[in-house]
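Engineer: Turn this into a structure:
(2 chains)
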Amino acid sequence: MFKRLKITCDQATSICNKNQYGASTLLDKLKLNIHFLGCKFCSLYIKQNTMLTTLYKRHAKNYKGTKFCMSKEEKEILKKELEKIN
Amino acid sequence: MTQKQVLLHTDKWVDNYADYMYNYALVRINDVNLAKDLVQDTFFSALKSAKNFQGKSTERTWLISILKRKIIDHYRKINSKKGQSEVRTNFYDNGENSGSWLEERVPQSWDNYLERSIENQELKSQLDACIEALPKKYEMVFRMRTIQDFETEEICKELEITASNFWVIIHRARIQLRKCMEDNWFNI
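Structural biologist: Numbers count the residues shown, from 1 in each chain, chains lettered A, B, ... in the order given. Reported below is the predicted structural model:
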């Protein structure tokens, strides 16, 4: 039974990354926690990964709600191009 | 049966829809020039197929559906470019250590995390630089999910990828990003 719960570091970090978006299953989390018991590198990875998620979320706030527009000049050029083929 | 021809106001397209379409493209591909090109291509394609517009949807919805196809085409194009700036794996590929951390790539401790995580322009620039250094398809998916906060299902549907493919991309992107931030921000 325990063999089925054993995962590699690659799989552990993959679950950990999925977990940052709240998308890992209960079984995945169980496997992850068992893996952490014997793997200090992955324990460190999850700690740092959570820190990075905080940074990414903060970074995302800078972009949220920003509306991008084309300049008047660019629109005029585009209109002329469209007139040519219309 | 005769096909119903619906009148399109093509002369108003740029004023009415260019900004919306540009914004739509830019948040997905994060490339100013490419976004403008895609908007232009969309208008051209729409003009060519104007006779097929039956008025079942609004002009804007119809134009966006064409733009969506162009974004998928772009994604497929970057997806087929193998190996570009893709760093070597962080884990052993085979042998008895398969799936374990490569010795030289194990996570290092970030003793300076607190002082280095203070929000400032330098940190923003470094984060942007690391995200931009990702292979293009990783960058696109990571940005859409993490920065633009799109739902996973929405991204899979828009880019026509499976959920498992999506998570593999997110995993690889985050592994590479972590390494980039470690090398260029936390351990310098």
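Engineer: phi, psi of the residue of chain A found nearest chain B?
Structural biologist: Nearest residue of chain A to chain B (CB to the nearest CB) works out as A:T8 at 2.6 Å. (C-beta placed from N, C-alpha, C; glycine too.) Per-residue torsions, A:T8: phi -90, psi 170 (degrees, to the nearest 10).
Engineer: Ok, B:I175 next?
Structural biologist: phi -60, psi -50.
Engineer: Helices of the chain, residue ranges please.
Structural biologist: You didn't pick a chain, so chain A it is. With helices called from DSSP state H, chain A shows them at A:2-5, A:9-19, A:26-38, A:40-63, A:72-85.
Engineer: Can you look at chain B instead?
Structural biologist: Along chain B, the segments classed as helices by DSSP H run B:13-29, B:32-48, B:59-80, B:113-116, B:121-132, B:136-142, B:152-159, B:163-181.
Engineer: Of the ones you listed, which shows the lowest average pLDDT?
Structural biologist: Mean pLDDT is lowest for helix B:113-116 among the helices of chain B, at a mean of 87.
Engineer: Any chance you could list what contacts it?
Structural biologist: For helix B:113-116, contacts defined as CB atoms under 8 Å, 6 or more residues apart in numbering or on different chains pick out A:Q48, A:M51, B:W110, B:L123, B:W185, B:F186.
Engineer: quick one: contacts for the second one?
Structural biologist: So the one you mean is A:M51. A:M51 touches B:W110, B:Y113, B:S117, counting by CB under 8 Å, 6+ apart.
Engineer: List just the nearest of those to A:C69.
Structural biologist: Comparing the contacts of A:M51 against A:C69 with CB to CB places B:S117 closest, at 32.7 Å.
Engineer: Enumerate every residue touching the closest one.
Structural biologist: A:M51, A:T54, A:L55, B:L123.
Engineer: now those: which count as buried?
Structural biologist: Among the contacts of B:S117, those classed as buried by 16 or more other CB atoms under 10 Å in any protein chain shown are A:M51, A:L55, B:L123.
Engineer: could I get those residues as a markdown table with distance to B:Q40?
Structural biologist: Listed next are the buried ones among the contacts of B:S117 as a markdown table, based on distance: CB to CB, whole Å:
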| residue | distance to B:Q40 |
| --- | --- |
| A:M51 | 42 |
| A:L55 | 36 |
| B:L123 | 35 |
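Engineer: If we only consider these, which is nearest to B:R69?
Structural biologist: Nearest member of the buried ones among the contacts of B:S117 to B:R69, counting by CB to CB, is A:L55, at 34.5 Å.
Engineer: Show the backbone phi and psi for the nearest residue to the closest one once chain neighbours are set aside.
Structural biologist: Closest residue to A:L55 apart from its sequence neighbours, by CB to CB, 6 or more residues apart in numbering or on different chains: B:S117 at 6.2 Å. Phi and psi for B:S117, reported as degrees, to the nearest 10, are phi -100, psi 10.
Engineer: and B:S117, what pLDDT?
Structural biologist: With respect to pLDDT, B:S117 scores 86.
Engineer: Relative to A:N62, how far out is it?
Structural biologist: 15 Å (CB to CB, to the nearest Å).
Engineer: Ignoring the adjacent residues along the chain, who's closest to the closest residue to chain A within chain B?
Structural biologist: Going by CB to the nearest CB, chain A is nearest to B:G99 of chain B, at 2.6 Å. Computed as CB to CB, 6+ apart, the closest residue to B:G99 that is not its neighbour in sequence is A:T8, at 2.6 Å.
Engineer: tell me, what residue is most central in chain B?
Structural biologist: Note on chain B: the residue nearest the mean C-alpha position is B:M140, at 1.7 Å, using CA atoms, centre = their mean.
Engineer: How about the contacts made by it?
Structural biologist: B:M140 touches B:R28, B:I29, B:N30, B:Y75, B:I78, B:L159, counting by CB under 8 Å, 6+ apart.
Engineer: run the last query once more with 7 Å
Structural biologist: By CB atoms under 7 Å, 6 or more residues apart in numbering or on different chains, B:M140 lies in contact with B:R28, B:I29, B:Y75.
Engineer: Also A:M70?
Structural biologist: By CB under 7 Å, 6+ apart, the contact list for A:M70 reads B:A18, B:D19, B:Y22, B:K36.
Engineer: What's the local residue count around the first one?
Structural biologist: Spelled out, it's B:A18. Residues near B:A18, counting by other CB atoms under 10 Å in any protein chain shown, number 22.
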